[in-house]
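Engineer: Need a 3D model of the sequence below.
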Amino acid sequence: MSRSRQPPLVTGISPNEGIPWTKVTIRGENLGTGSTDLIGLTICGHNCLLTAEWMSASKIVCRVGQAKDDKGGIIVTTKSGGRGTSTVSFKLLKPEKIGILDQSAVWVDEMNYYDMRTDRNKGIPPLSLRPANPLGIEIEKSKFSQKELEMLFHGMSADFTSENFSAAWYLIENHSTTSFEQLKAAVANLKRQANKKSEGSLACVKGGLSTFFEAQDALSAIHQKLEADGTEKVEGSMTQKLENVLNRASNTADALFQEVLGRKDKADSTRNALNVLQRFKFLFNLPLNIERNIQKGDYDVVINDYEKAKSLFGKTEVQVFKKYYAEVETRIEALQELLLDKLLETPSTLHDQKRYIRYLSDLRAPGDPAWQCIGAQHRWILHLMHSCKEGYVKDLKGNPSLHSPLLDLDSDPRPPVLSHLGQTASLKRGSSFQCGRDDTWRYKTPHRVAFAEKLTKLVLSQLPNFWKLWISYANGSLFSETAEKSGQFERSKNVRQRQSDFKKMIQEVMQALVKLLRGALLPLSVREVEARQYGGWEVRAELSGEWLAHVTQTLRLTYESLTALEIPNDVLQAVQDLILDLRIRCVVVTLQHTAEEIKRLAEKEDWIVDNEGLTSLPSQFEQCIVHSLQSLKGVLECKPGEASVFQQPKTQEEVCQLSTNIMQVFIYCLEQLSTKPDADIDTTHLSIDISSPDLFGSSQEDFCLTSEQRLLIVLSNCCYLERHTFLNIVEYFEKHNFQGIEKMTQVSMASLKELDQRLFENYIELKADPIVGSLEPGIYAGYFDWKDCLPPTGVRNYLKEALVNIIAVHAEVFTISKALVPRVLSRVVEAVSEELSRLMQCVASFSRHGALQARLEICALRDTVAVYLTPESKSSFKQALEALPQLASGADKKLLEELLNKFKSSMHLQLACFQATTAALVKT
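Structural biologist: Down below sits the predicted model:
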């Protein structure tokens, strides 16, 4: 319900007793919005609306009427609020009728009545003096509106006391439906009333006619006697005798009644003194009453008594009254100082502040107490903020290795929402990513985080009341009706200047909040000249990304609460800037910590290979990044009014560099694993997939990895990273709106491909070089000569050895990663075919049998590894065959075919690994 619709409530009446027609002042709440809104006022059951004068919504002045009840309530009725209630009562005194010479114990105010004949234009007489129905017949109101009658009788009036009285208007308004017979009776009634008035003085004369005659005779006799004496001063004359008689009578009366009259005069003086003391005992007792009420804290009573005394004796010229009133003023000045001290005390509640300001405004205290209170509260808030920082810094220096305990219900420096948020967030962080850190971090709050929560809670607990105090000051609701009427409210009219000063106060509080938080959380962002005042934490370790995210959320809730107070956005911009800097720092720190975690992933490589030839390392790498980005989800989201973390180009570049660095760190980790000496590898925990054949011919507990096998495992991981992991990670970065993704992808992919190619070349060099190096000695073993050789009977041993070595490479790669087989064998075959082609081209000439033998071995090798031939290897085989003489006869061709079939048949078990027809070739 709005204020204007609440029922009236009377809380005071002054004086609270008196005789009928006593003028009283009624005070309360919701006493109407104007004189037209006031429709009812009763005191002790008597309607006093006629004499009521509406002053304000909290004050009405009226006179008490002739009520039947000796004591009763004061009921105010308004259109807007209806019938009201009263918490006070009025006592009606009914003294006996007294004469003009009789003494009275109470003061009787005179009412101003109006003479209907001489003061007609001076005002409207009370209703009780008007004849209610001059015609003496029943009044029936007309249906005509007042405006219509005014237009019809322009310049006239229906008031029979007015000089412009219009009888027609009066009859239409009050007797429009009266019959003609009733009007005739009304005329007869008016005539009778006129006759009574004219006969009244004549009847008086007729009744005392004999008395007038006797007086006339006595006066005539006295006149004749005086004329007979001739003079009034002659000795012995009648006049002289009469004078002597009267003087003697007067002297005798004085002698008889002198003592009685003296006692009467003394009694009258005593009675008058007692009456003065009784009448003005309020003033004489007021200094003591003020002192007592101040001690009891009844400041309202003191103010009401002071207002009453000021109105009665403020301008008195009586010295006794001046003396006592001066003492009252002294006590009031002391009260003003006491109230001002209480007002400026800190801490204090908003209710007490408003109460003391109202008291001071009622007492018309000098200066502007409300503004002094606002200044004191401003200084108190700043003092609390700096004291909070000093306390935490001192505690940190005293216990540098300790953290603040988990915030409980009694010492929780956060609002309940923040406490719940912090607990749930910490639980989520602890369960989302196992980073190898001690779980106790979830149960300890760093000093700087606890300080940030305490400081924001402190500001949120103090600033709303501070802001409400200013709003009350600006709209004038701090000042009472008395102060407003007396001009005290004029002191707050310079709101524009005060508004500028108050805005500076709020800005100073916000700046202090931001700088204190920066000194604790972002010390590098504080200027050196301010570092001592707002910093001084001397903590080397930087807060983790989880705690920075938590503090960011705390500040966001703080900003929402401050925005709800309708504080201007330009004042809160410093808080928004701090939130943005914290979000950026949180992203940077999280990415840096992620890089450190990824650097330690090499220590977690278990070298356990799954069916796809992968270890858990790529998955751990992806999960590490995913969890880091998930922890940044709330930080990266833009709340209303917030800017994007990646808005500034400098931030975009830094984040892109950090993201790229994460990729580079993992690539470096893979490189270190591939080149790590065998002595540094712990293989006691290693095992192979049970679905893979035990091609190493050893039991699981004796299994160990060679450097070539580690190269294969790293190569397999590199291939998976290129095809899946890196693409997934890029997608995660894009999902979280990271900038520079394309550049990061290009650099990371280029580095990964470079590492892959380098590792691949190393492995090929390790495997292909021995095979290639064995070809030439094998070909010419036993002084073999292509010009002088026996007819071929089959493939020679050197080629079989080369094939067995290739098969061994196949087995090793197949055991680690099936997907790498085509890529590795294709390069091995290329190397072998290239060397074979070179050797064939170096032969000066072939005999018939030598050419057939060479063709047999080249075709046998080509057909065996046909599934792994590449354009390069095919070209090498073609060049090798072209270096041989063509077969001269069909018999040689038939022999070649028979020998090839015999070779394939005899080595079909060994060559079974080359029969995979669905293998996909990989370009190198």
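
Engineer: Show me what counts as buried in stretch 462-476.
Structural biologist: For stretch 462-476, a neighbour-count test (16 or more other Cβ atoms under 10 Å) marks Q462, L463, N465, F466, W467, L469, W470, S472, Y473 as buried. Bear in mind the C-beta positions are built from the backbone N, C-alpha and C, glycine included.

Engineer: and for that stretch, what are the contacting residues?
Structural biologist: 349-350, 353-354, 370-371, 373-374, 377-378, 380-381, 384, 478, 484, 489, 492, 495, 498-499, 502, 506, 509, 562, 565, 567 (Cβ atoms under 8 Å, 6 or more residues apart in numbering).

Engineer: With only the CA atoms kept, save it in PDB.
Structural biologist: What follows is stretch 462-476, C-alpha atoms only, in PDB (Å, rounded to 0.1, in the frame of the first residue of the first chain):
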ATOM      1  CA  GLN A 462      28.300  -0.400   4.700                       C
ATOM      2  CA  LEU A 463      27.700   1.200   1.400                       C
ATOM      3  CA  PRO A 464      23.900   0.600   1.100                       C
ATOM      4  CA  ASN A 465      23.100   2.500   4.300                       C
ATOM      5  CA  PHE A 466      25.600   5.200   3.200                       C
ATOM      6  CA  TRP A 467      23.800   5.500  -0.100                       C
ATOM      7  CA  LYS A 468      20.300   5.500   1.500                       C
ATOM      8  CA  LEU A 469      21.400   8.200   3.900                       C
ATOM      9  CA  TRP A 470      22.400  10.300   0.900                       C
ATOM     10  CA  ILE A 471      19.100   9.600  -0.900                       C
ATOM     11  CA  SER A 472      17.200  10.700   2.200                       C
ATOM     12  CA  TYR A 473      19.300  13.800   2.500                       C
ATOM     13  CA  ALA A 474      18.800  14.700  -1.200                       C
ATOM     14  CA  ASN A 475      15.000  14.200  -1.200                       C
ATOM     15  CA  GLY A 476      14.500  16.000   2.200                       C
END
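
Engineer: And for R758, the neighbour number?
Structural biologist: 12 (other Cβ atoms under 10 Å).

Engineer: And the helix or strand harbouring it, how far out from the chain middle?
Structural biologist: Per DSSP states H and E: R758 is located in helix 741-779. Distance of helix 741-779 from its chain centroid, counting by Cα atoms, centre = their mean, to the nearest Å, is 61 Å.

Engineer: which parts of that helix are buried?
Structural biologist: 741, 744-745, 747-749, 751-752, 755-756, 759-760, 762-764, 767-768, 771-772, 774-775, 778-779.

Engineer: One more: stretch 45-53?
Structural biologist: Within stretch 45-53, the residues scored as buried using 16+ other Cβ under 10 Å are H46, C48, T51, A52.

Engineer: For the first one, which residues count as its bridge partners?
Structural biologist: Meaning H46. Note on H46: beta-bridge partners by DSSP bridges are I43.

Engineer: 13 is where my numbering starts, stick with that
Structural biologist: That works, and once the first residue is 13, the last one we named lands at H58.

Engineer: thought it was touching G77?
Structural biologist: Yes - between H58 and G77 there is a contact at 4.1 Å, judged by Cβ atoms under 8 Å.

Engineer: Find the nearest non-adjacent residue to I302, please.
Structural biologist: Nearest residue to I302, sequence neighbours excluded (Cβ to Cβ, 6 or more residues apart in numbering): R343, at 4.6 Å.

Engineer: Count the neighbours of that neighbour for me.
Structural biologist: 18.

Engineer: That one sits in which helix or strand?
Structural biologist: Short version, using DSSP H and E: R343 is in helix 331-356.

Engineer: quick one on the thing from earlier: could you save the buried residues of stretch 474-488 as JSON lines and add columns showing distance to K308 and secondary structure?
Structural biologist: As requested, the buried residues of stretch 474-488 are exported to JSON lines (distance: Cβ to Cβ, whole Å; DSSP: H, G, I helix; E, B strand; the rest coil):
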{"residue": "Q474", "distance to K308": "31", "secondary structure": "helix"}
{"residue": "L475", "distance to K308": "34", "secondary structure": "helix"}
{"residue": "N477", "distance to K308": "27", "secondary structure": "helix"}
{"residue": "F478", "distance to K308": "30", "secondary structure": "helix"}
{"residue": "W479", "distance to K308": "33", "secondary structure": "helix"}
{"residue": "L481", "distance to K308": "27", "secondary structure": "helix"}
{"residue": "W482", "distance to K308": "32", "secondary structure": "helix"}
{"residue": "S484", "distance to K308": "27", "secondary structure": "helix"}
{"residue": "Y485", "distance to K308": "29", "secondary structure": "helix"}
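
Engineer: now the buried residues of stretch 57-65 as TSV including secondary structure and distance to A377?
Structural biologist: Below are these laid out as TSV (DSSP: H, G, I helix; E, B strand; the rest coil; distance: Cβ to Cβ, whole Å):
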residue	secondary structure	distance to A377
H58	strand	40
C60	coil	35
T63	helix	35
A64	coil	32
